[in-house]
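# Need a 3D model of the sequence below.
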Amino acid sequence: MLFNSLQYLVFLPTVFLLFWLTPHRFRVPLLLVASYVFYMSWRPIYGILIFGLTLANFLLVPFIEKAVEQKNKKIVLGVTVALNLIVLGIFKYAYFTMDAVKATLGVVGVDWKEPHLHIILPLGISFFVFEFIHYAIEVYRGKPVVKNFLDFALFPSFFPTQIAGPIKRYQDFVPQLHIPVKFKWEYVDEGMQLILMGLAKKVLIADNLALVVQAGFAHPEQFSSLDMWMITYAFAFQIFFDFAGYTDIARGSSLLFGYKVPINFNLPYIASNVSDFWRRWHISLSSWLRDYLFIPLGGSRGGKWLTYRNLFITMALGGLWHGAAFHFLAWGAYQGIVLILHREYEGVMQKIGVHEKLLKSKLYHWASVIFTFHVVCIGWVFFRADDMKIAGSVLGKLFEAPAALLHFSASQLAILQIRDPIIFPALVLILPVLLASTFIINWMNDKKFYQSPPWAVQVTVMVALMCLLTIFTPDSSPRFIYFQF
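Numbers count the residues shown, from 1 in each chain. Okay, the predicted model is just below:
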């Protein structure tokens, strides 16, 4: 069930009405049933998977709290984490592992015929597995266990965040379930504002840019260097508006029930360096990797080279978390390398004594923003490409000498499957405007813009957005990008 589908348009108001008509003690069971209906609407069999993992973690983790000796705590924690990772590995990395083994054996002349396992990746498994691991580690660190099974079961299955996050922290989410909230119109006001803005980001911007991006990455050889830069910029904005739009809908849907989930984006494309970018992009995942991978590996405590090792491992595994393919691993490794280079640069600038002066310069700041954006865009090539061969082709195009200015021939527009020859150039011309719009839209959300102007202005803006959604929705709206993870 997609957030931008007719099914969800019926499902969400139905659950909303039932929730507020139901006494408080029955609301968690109601949301739990609704969440399983939401998840099982895709493949009912995978409801057993999420329930089985929920039950296993609910039964195992209390033994961490009860263990007297530290050694026993570590053993139970290890078993719990291993169980979650094994399930994730089977469903997400089985084919990737077999392909790697086959390639390795092929080097020594062995032709291995891998079995076909008929595995279909369950939606959202990476997200709720990370939530289970977070729970186990936090209990190991001294946080209390969740004693009510229904509360615990709703934590990973809560339908607004179930498929693509944000990754929740149980100590923030579960206590909200015990507060007997009363209905407030501000829940509807804020929630619908976020949902509508999320749909606008997804349908009006991301889905229309997807038409250009898909064709560009499918046929990079057909485009010039400058063309491919525009297409790469298009994907940078497509993935932002797609995922930020999903997050807005998730947060808005949660607010309709009086619950709050964490924000996931904070104007990432105005980051002045790659470290700042990762504090602004997919915040719930970045903080998870920091708290449960980078710091346990040693963080920054072991000197420069161990810190760099930990950074590289964390980002490489973060890339692999996104997908079981070498191009995702390459994307993560690239992020690790640029973070290491940034730290080296910072160290050099501090040694020569000009770093603080430069940081205070507006010219330096905005030059850094532009440079960081392009560093991020180069990384997006690995992320978007279907394989390393296509990534190599696109990168080759990006860095070849531009032979001509932007040009869009009839044959290229046919490849893009765009009937109107004005649309593609128009999309390219508005790309710089999208960077400013990311700031404006998020500022409007944060400042609750739609609740402060007069009622007539609020209604006008909402109606205008709904009209735009009706007029400019593509013929087929693809599912959210992060649904595949």
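
# Give me the outermost residue of this structure relative to its centroid.
Gly109 (40.1 Å; Cα atoms, centre = their mean).

# how close does that one get to Thr97?
As judged by Cβ to Cβ, to the nearest Å, Gly109 and Thr97 stand 20 Å apart. In this view, the C-beta of every residue, glycine as well, is placed from N, C-alpha and C.

# Let me see the residues that make contact with stretch 35-50.
Contacts with stretch 35-50, where a contact means Cβ atoms under 8 Å, 6 or more residues apart in numbering, come from 1, 7, 11, 51, 87, 91, 120, 122-125, 128, 154, 156-159, 162-163.

# Hmm, I typed the wrong one, I wanted stretch 173-192.
20, 24, 27-28, 146, 151-152, 154-155, 158, 252-261, 448, 450-451, 462.

# where does the chain dip in pLDDT?
For the chain, the stretches with pLDDT under 70 are 1, 353-359, 401-485.

# tell me the domain ranges of it?
Under the assignment automatic domain parsing, the domains of the chain span 6-183, 184-263+403-485, 266-384.

# so can I have a markdown table of those domains showing distance to Gly392?
Converted to a markdown table, these look like this (distance: least, Cβ to Cβ, whole Å):
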| stretch | distance to Gly392 |
| --- | --- |
| domain 6-183 | 17 |
| domain 184-263+403-485 | 10 |
| domain 266-384 | 9 |
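
# Relative to Ser393, which of these is closest?
Closest of the domains of the chain to Ser393 is domain 184-263+403-485, at 4.6 Å (criterion: Cβ to Cβ).

# The stretch 201-350 of the chain: helices as residue ranges?
In the stretch 201-350 of the chain, the helices defined using DSSP state H, counting those that start in this stretch lie at 207-218, 225-255, 274-280, 283-289, 295-297, 304-322, 326-351.

# how would you label the residue farthest from the centre of the chain: helix, strand or coil?
Assigned with DSSP: H, G, I helix; E, B strand; the rest coil, Gly109 falls in the coil class.

# what angle separates the helix or strand hosting Trp366 from helix 326-351?
Taking DSSP states H and E as the definition, Trp366 sits inside helix 362-384. If you take axes from the mean of the first three to the mean of the last three Cα atoms, to 10 degrees, helix 362-384 sits at 160 degrees to helix 326-351.

# Which strands and helices lie in contact with helix 362-384?
If contacts are counted by 3 or more Cβ pairs under 8 Å, 6 or more residues apart in numbering; DSSP states H and E, helix 362-384 sits against helix 225-255, helix 274-280, helix 326-351, helix 388-398.

# Residues in contact with it: which ones?
213, 217, 232-233, 235-236, 239, 268-274, 276-277, 322, 327-328, 330-331, 334-335, 338, 358-359, 388, 391, 394-395, 398, 435.

# Can you report how many residues lie near Leu196?
19 (other Cβ atoms under 10 Å).

# and Gly396, how many neighbours?
Applying other Cβ under 10 Å, we find 13 residues neighbouring Gly396.

# Apologies, that question was intended for Lys74.
As a burial measure, Lys74 scores 13 neighbours (other Cβ under 10 Å).

# If you drop the residues flanking it in sequence, what lies closest to it?
Tyr140 (7.8 Å; Cβ to Cβ, 6 or more residues apart in numbering).

# if I look at the one you found, how far off is Thr80?
9 Å.

# which neighbours do these two share?
Contact with both Tyr140 and Thr80 is made by residues Ile64, according to Cβ under 8 Å, 6+ apart.

# Now, of the contacts of helix 362-384, which are buried?
213, 217, 232-233, 235-236, 239, 268-274, 276-277, 322, 327-328, 330-331, 334-335, 338, 391, 394-395, 398, 435 (16 or more other Cβ atoms under 10 Å).

# So Asp151 is in contact with Pro29, correct?
No - Asp151 is beyond contact range of Pro29, at 10.3 Å (criterion: Cβ atoms under 8 Å).

# More neighbours: which of these two?
Asp151 (18 against 13).

# ok, that one - contacts?
Asp151 sits next to 28, 174, 177-178 when contact means Cβ under 8 Å, 6+ apart.

# Out of these, flag the one nearest to Ala34.
Once Cβ to Cβ is applied, the member of these that ends up nearest Ala34 is Val28, at 10.7 Å.

# Helix, strand, or coil at the closest one?
Following three-state DSSP, Val28 is assigned to helix.

# Near it, how many other residues are there?
By other Cβ under 10 Å, neighbour count at Val28 equals 18.

# cool, Arg301 as well?
Arg301 has 10 neighbours, counted by other Cβ under 10 Å.

# mind listing what it touches?
Arg301 touches nothing, counting by Cβ under 8 Å, 6+ apart.

# which residue ranges form the helices in the stretch 51-200 of the chain?
All helices of the stretch 51-200 of the chain, identified by DSSP H, counting those that start in this stretch, fall at 70-107, 125-140, 149-157, 170-173, 185-199.

# Can you check which of these gets nearest to Leu297?
Among the helices of the stretch 51-200 of the chain, helix 125-140 comes nearest to Leu297, with 13.4 Å by Cβ to Cβ.

# Determine how far that closest one lies from the middle of the whole chain.
Helix 125-140 sits 17 Å away from the centroid of its parent chain (Cα atoms, centre = their mean, to the nearest Å).

# between that helix and helix 70-107, what angle do the directions make?
On the basis of the same axes, to 10 degrees, helix 125-140 is oriented at 150 degrees to helix 70-107.

# For helix 125-140, which helices and strands make contact with it?
Counting by 3+ Cβ pairs under 8 Å, 6+ apart, helix 125-140 packs on helix 46-66, helix 70-107, helix 149-157, helix 170-173, helix 283-289.

# Tabulate the ones you listed (CSV), appending distance to Met197.
Putting those into CSV (distance: least, Cβ to Cβ, whole Å) gives the following:
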stretch, distance to Met197
helix 46-66, 29
helix 70-107, 31
helix 149-157, 25
helix 170-173, 23
helix 283-289, 18
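
# so which of those helices comes closest to Leu209?
Evaluated over these, closeness to Leu209 peaks at helix 283-289, with 22.6 Å, by Cβ to Cβ.

# Can you list the helices and strands that that closest one packs against?
The contact analysis (3+ Cβ pairs under 8 Å, 6+ apart) places helix 283-289 against helix 125-140, helix 304-322.

# for those helices, which one ends up most surrounded?
Among the helices and strands packed on helix 283-289, helix 125-140 has the highest mean neighbour count (mean count of other Cβ atoms under 10 Å), at a mean of 23.

# Send me it as PDB with only the CA atoms.
C-alpha atoms of helix 125-140 as PDB (Å, rounded to 0.1, in the frame of the first residue of the first chain):
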ATOM      1  CA  ILE A 125      13.100  -5.100   6.600                       C
ATOM      2  CA  SER A 126      16.200  -3.000   6.900                       C
ATOM      3  CA  PHE A 127      14.400  -0.400   8.900                       C
ATOM      4  CA  PHE A 128      12.600  -2.600  11.500                       C
ATOM      5  CA  VAL A 129      15.700  -4.900  11.900                       C
ATOM      6  CA  PHE A 130      17.700  -1.700  12.800                       C
ATOM      7  CA  GLU A 131      15.000  -0.800  15.300                       C
ATOM      8  CA  PHE A 132      15.200  -4.200  17.000                       C
ATOM      9  CA  ILE A 133      19.000  -4.000  17.200                       C
ATOM     10  CA  HIS A 134      18.800  -0.500  18.700                       C
ATOM     11  CA  TYR A 135      16.400  -1.800  21.300                       C
ATOM     12  CA  ALA A 136      18.700  -4.700  22.300                       C
ATOM     13  CA  ILE A 137      21.800  -2.500  22.600                       C
ATOM     14  CA  GLU A 138      20.000   0.200  24.600                       C
ATOM     15  CA  VAL A 139      18.800  -2.500  27.100                       C
ATOM     16  CA  TYR A 140      22.400  -3.700  27.300                       C
END
